[in-house]
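>>> Give me the fold of what follows.
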Amino acid sequence: MRKPKICRLVLATCFGSFVLVIFYFQSNSNPAAEQGNLWNGWQGKAGRSPLQTLYDSDQGCEENHSRNQNLLFHAFELSAAQVTHQSRRDLLERTCQTYTRKRRVLTPDDLKHLIVDDRHGLLYCYVPKVACTNWKRVLMVLTGDGKYRDPLKIPANEAHVPSNLRTLSEYSTSEINHRLRNYLKFAFVREPFERLVSAYRNKFTRKYNTAFHKRYGTKIVKRHRPDPSDEALEHGDDVSFEEFVYYLVDPHTQREEPFNEHWERVHSLCHPCIIHYDVVGKYETLDEDARYILQLAGVSDRVHFPSSSKSTRTTDDMTAQFFHKINPFYQKKLYNLYKMDFLLFNYSLPTYLNFR
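Numbers count the residues shown, from 1 in each chain. As a prediction, the model looks like this:
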């Protein structure tokens, strides 16, 4: 008897996607021209948008159940994925209601991580160190008018060229609100400390990342290393994880400038308590969640999400090793810094932390 309840929850959440978000910036475009240019018909199956596909499949489960309570539902109409993502949306909403006292107005800077696919009606908030390179590759295929066919043939550096994909910050107020109401909005998240260690390994232990060494490494060495050598001050290429943690929890760091996107909190990049996300994918279930989104977009038969190499992934055991030398006092400060990401996306307090 629980199936109708689940369906009603899914249906209610879909209607929540149509809440209008108001922004404080000027519109310079012609709304009539926007309508004429945008809607040449959705490219997905049966001419439906991904959001409409999500709504239709959820509505279908109510209708089927009313006809026969013992009916076996089609996997796409009431799949395990739908139930999983409904549960994630419910938790996200409850946590936002609990911890968010006041909703602020978003600015164009807040929308720079939301990539737009007008052809298929998708809004993707990219989070560095959560398979965002491959998602950008996939979106380049989907929006490239045949220029790209295989995501893996797109070089990683090309996927990060800003001009290759449009972000929501580039649109007018009316265009932004239209997309927020009508496009399927999705983001991918990851266990916060695994993501943090992955960012550290990539940006501070790889010799080729000299720009990060110069930009951040030299500053970290200067502020958080007693009696640093001249070479370390000049190159900043030997920052320890402990020093990186000191830098993150230092109040002066964020007063001086925002965190770099590679270690910025997901809730600060994607604003999930202001923008309603229809699908929240997880790095831990990357393949299944990516396939679900491509199915909703009606493109799963022509583009496949690239599988990540498990050998290069940062694991829980590896993360525990990095935290082993961190003083419990700083472990707690770091947890408090990333606490909202743990709560919003249902990640438990790591067992390897010593302040438990």
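
>>> so how far is Thr167 from Leu51?
In this view, Leu51 and Thr167 are 19 Å apart by CB to CB, to the nearest Å. (C-beta placed from N, C-alpha, C; glycine too.)

>>> higher neighbour count, the two?
Between Leu51 and Thr167, counted using other CB atoms under 10 Å, Leu51 has the larger neighbour count: 22 against 18.

>>> Touching, the more buried one and His120? I think so.
No. Assessed by CB atoms under 8 Å, Leu51 is found out of contact with His120, at 10.7 Å.

>>> Low-confidence stretches in the stretch 251-356 of the chain?
Residues of the stretch 251-356 of the chain meeting the criterion pLDDT under 70: 308-312, 356.

>>> do the same with the chain
In the chain (pLDDT under 70), the answer is 1-47, 57-78, 308-312, 356.

>>> residue ranges for the strands of it, please.
Using DSSP state E, the strands of the chain run over 114-117, 122-125, 166-167, 184-189, 279-282.

>>> what's the most buried one of those?
Comparing those by mean neighbour count (mean count of other CB atoms under 10 Å), strand 122-125 comes out on top with a mean of 27.

>>> Contacts made by that strand with the rest, please.
Identification of contacts with strand 122-125 by CB atoms under 8 Å, 6 or more residues apart in numbering yields 50, 113-117, 135, 139, 142, 168, 179-180, 183-187, 269-270, 275, 277, 293, 297.

>>> What of stretch 127-138?
Taking CB under 8 Å, 6+ apart as the rule, stretch 127-138 contacts 113, 115, 124, 126, 148, 151-152, 154, 156, 159-160, 164-165, 187-190, 195, 198-199, 202, 261-262, 266, 269-270, 283, 286, 290, 294, 303, 305-306, 308.

>>> His213 contacts Glu234, correct?
No. His213 lies out of contact with Glu234 (CB under 8 Å); the separation is 9.8 Å.

>>> if we can go back for a sec, any chance of the strands of the chain in JSON lines, plus distance to Arg206?
Shown next, in JSON lines, are the strands of the chain (distance: least, CB to CB, whole Å):
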{"stretch": "strand 114-117", "distance to Arg206": "25"}
{"stretch": "strand 122-125", "distance to Arg206": "26"}
{"stretch": "strand 166-167", "distance to Arg206": "27"}
{"stretch": "strand 184-189", "distance to Arg206": "23"}
{"stretch": "strand 279-282", "distance to Arg206": "25"}
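
>>> Phe322 is nearest to which of these?
Closest to Phe322 of these, according to CB to CB: strand 184-189, at 19.8 Å.

>>> Just checking: what are the partner strands of the closest one?
According to DSSP bridges, strand 184-189 has the following sheet partners: strand 122-125 (parallel), strand 279-282 (parallel).

>>> How far off centre is it?
Centroid separation for strand 184-189 versus its chain: 5 Å, with CA atoms, centre = their mean, to the nearest Å.

>>> before we move on, the earlier item: now render the strands paired with strand 184-189 as JSON lines, adding distance to Tyr352.
Shown next, in JSON lines, are the strands paired with strand 184-189 (distance: least, CB to CB, whole Å):
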{"stretch": "strand 122-125", "distance to Tyr352": "29"}
{"stretch": "strand 279-282", "distance to Tyr352": "20"}
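
>>> and Asn260, what does it touch?
Tyr216.

>>> Quick check: it vs Tyr330, distance?
From Asn260 to Tyr330 the distance is 19 Å (CB to CB).

>>> more crowded one of His213 and Glu234?
His213 (22 against 13).

>>> Next one: the more buried one relative to Lys219, how far apart?
10 Å.

>>> Overlap of the contact sets of the two?
Gly236.

>>> Stretch 187-205: how far from the chain's middle?
The answer for stretch 187-205 is 13 Å, by CA atoms, centre = their mean.

>>> mind listing what the nearest residue to Ser79 once chain neighbours are set aside touches?
Excluding its sequence neighbours, the residue lying closest to Ser79 (CB to CB, 6 or more residues apart in numbering) is Tyr292, at 7.7 Å. Residues counted as contacts of Tyr292 (CB under 8 Å, 6+ apart) are Ser79, Ala81, His85, Val279, Gly281.

>>> re earlier: of all the strands of the chain, which lies closest to Asp238?
strand 184-189 (30.6 Å).

>>> Restrict that closest one to CA atoms and write it as PDB.
The C-alpha coordinates for strand 184-189 follow below in PDB (Å, rounded to 0.1, in the frame of the first residue of the first chain):
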ATOM      1  CA  LEU A 184      15.500  19.500 -15.600                       C
ATOM      2  CA  LYS A 185      18.000  20.700 -13.000                       C
ATOM      3  CA  PHE A 186      20.700  18.200 -11.800                       C
ATOM      4  CA  ALA A 187      23.900  18.200  -9.900                       C
ATOM      5  CA  PHE A 188      26.400  15.500  -8.700                       C
ATOM      6  CA  VAL A 189      27.900  15.400  -5.200                       C
END
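
>>> Done for today, thanks.
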